[in-house]
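# Would you be able to build a 3D model of this:
(one chain, ligands or ions: 2)
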Amino acid sequence: MITPIPNQERTECFHKMLMWDLHLLELVLLSITLKSSTTIQEMGTRLSTPSPSSPDRFLPVPEPTVLLEPWRKGDCGRDELLHEVKEFKPSTEVLRIVLYGPTGAGKSSFINSVQRILFGRNAMNALENSTLTRTNVTKKLKTHKLKKGRGEPYPLEIVDIMGIESTDGGIKHEDIIKAFEGHISDEYIFNPGAAITNDDPKYKKNPTLRDKVHCLVCVLPADSVSRMDDKVFEQMKHVRDRASLLGIPQVIVMTRVDKACEMVSQDLKKIYYSKKIKEKVDVCCVNVGIPLNAIYPVKNYSESITQDADTDMLLFMALRDILNLANDYVEHELEKDE
Ligand SMILES: Nc1nc2c(ncn2[C@@H]2O[C@H](COP(=O)(O)OP(=O)(O)O)[C@@H](O)[C@H]2O)c(=O)[nH]1
Ligand SMILES: [Mg+2]
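Ligands and ions are numbered 1, 2, ... in the order given. Reported below is the predicted structural model:
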C-alpha cells in the first residue's frame, strides 16, 4: 500500500526542485551571455553587472580591464602636433623646466625621448640609469639644452636633478625648491646629507627670470606609483606647496605605462581605454594633488631604437602643454615687471 506524502513534505520537496531548476537556468543563461559576447570589453561589462539572483555565486566575476569610453580624447593629429611643437616660439629667449621625482622614475629617459621626437631620430642626451646595476644615477644638477636639428637650438632647457628616495640617500626637498627658484648653478653635486647653503660657490644669490624654472614636471613611474613610500609623496608635497605659492605651473609626466598594463604594452593606442592606466593616473592625482588634466601618461624611448608614431603622440602632447604652461608663466612674470 502506498502511504500518501504529507502536504508539508510535498511542498518542501517541490520548493527544492524549483530552486535547482532556477540554478540550472542561471547557469544556462550565463553560458549564453558569455558565448554571445563578441569582445573582451562586452564580456567584462556583462560579467561585472550582477543579476538580481547573482550568478557570481557560481563564477568569480573578473573586473573589466577595458573602459567603454576613453578617459581622455586626443585633440589633434601627429603632424599638427609636430608642427606646433617644432615651430614653438616662446615669449622669452628660452623656456626652462625641471624634472623631479623618485630615482628610476624615467626623468633622464624623458629628456632623451623629448630630444628624440624633436630630432626625429635616436639621440643621446641624459644618461639613463640601469635598473639592474643602478649605475648612472643622476647626482648633480644638469641643464640639457635641446636641439631641433643638427646645430639648430630649440628654445627649451630641461633641468635634470637627483632623484627623491624614501631613505636619506636622495635629494632634499629644500634643494629641489632652490633649484626651481634658480639658485643652483649647473654641475652642482647634491649632498643627500645637507641642502645647499647661501655661501656655496654654486649658489646664485639673485637669480633672474632666465635662471628660474618656468614649469615643474613631476615624473612618476606608472608601474610602481601605487607602492611608493609616503615619505616620497611628503617631499613632493613640500615642493608643490612652494611652487603653488610662487604660481609656477605644475604637471605630472607618468612614465613606464608599458610596464603597468599588458594591453598598453601590446598596443599603445589603447592607453585611454585602459582601466589600469586610469587607476594609476588617479593615484598620481590624489597623492601629489595635481589635477587629472595636468597628468600625461607617456612611454619613453628607452628600449626601442625605432621611431614609433604612438609613442611620439603621447610625448608630443605632454611637451606641447608643458611649453604652453611654461610660456604662460613667463608672460605673467614679464607683465609684472612692466
Ligand atoms: N619600459 C620602460 N622603461 C622605461 C621607461 N622610462 C624609463 N625606463 C627605464 O627605467 C629606468 C630608469 O630610467 P631613468 O630615466 O634613468 O630614471 P631617473 O632615475 O628618473 O632618471 C631605465 O632603465 C630606463 O630605461 C618607459 O617609459 N618604459
Ligand atoms: Mg636620471
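# show me where the chain has helices.
Secondary structure of the chain (DSSP state H): helices at 7-36, 40-48, 78-86, 107-119, 173-180, 230-246, 257-260, 262-266, 275-284, 309-337.
# residues in contact with residue 236?
By Cβ atoms under 8 Å, 6 or more residues apart in numbering, the contact set of residue 236 is 100-101, 164, 173, 218, 288. Using the backbone N, CA and C atoms, a C-beta is placed for each residue, glycine as well.
# and the gap between the residue most central in space within the chain and ligand 2?
Per Cα atoms, centre = their mean, the C-alpha nearest to the average position across the chain is that of residue 254, at 1.7 Å. To ligand 2, residue 254 is 16 Å away according to Cβ to the ion, to the nearest Å.
# what bridges to that residue?
residue 220, residue 297 (DSSP bridges).
# pretty sure it is touching residue 294, no?
No - counting by Cβ atoms under 8 Å, residue 254 stays clear of residue 294, with 11.0 Å between them.
# what about the nearest residue to residue 268 once chain neighbours are set aside, how many neighbours?
Using Cβ to Cβ, 6 or more residues apart in numbering and skipping residues adjacent in sequence, the residue nearest residue 268 is residue 310, 4.0 Å away. Counted with other Cβ atoms under 10 Å, the neighbours of residue 310 add up to 15.
# low-confidence ranges in the stretch 51-200 of the chain?
Flagging of the stretch 51-200 of the chain using pLDDT under 70 yields the residue ranges 51-58, 61-63, 122-136.
# How about the residues of it by ligand 2?
Residues of the stretch 51-200 of the chain lying near ligand 2 by Cβ under 5 Å from the ion: 107-108, 138.
# Turn the residues you listed into CSV, columns for neighbour count and distance to residue 179.
As requested, these are exported to CSV (neighbours: other Cβ atoms under 10 Å; distance: Cβ to Cβ, whole Å):
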residue, neighbour count, distance to residue 179
107, 29, 13
108, 26, 16
138, 21, 12
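# can the residues you listed go into JSON lines with extra columns for distance to residue 79?
As requested, these are exported to JSON lines (distance: Cβ to Cβ, whole Å):
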{"residue": "107", "distance to residue 79": "28"}
{"residue": "108", "distance to residue 79": "28"}
{"residue": "138", "distance to residue 79": "34"}
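# which residues touch residue 195?
If you count contacts by Cβ under 8 Å, 6+ apart, residue 195 has them with 172, 174-175, 178.
# before we move on, back to that, hmm, residue 265 and the residue nearest to residue 268 touching each other?
No - counting by Cβ under 8 Å, residue 265 is not a contact partner of residue 310; they are 11.8 Å apart.
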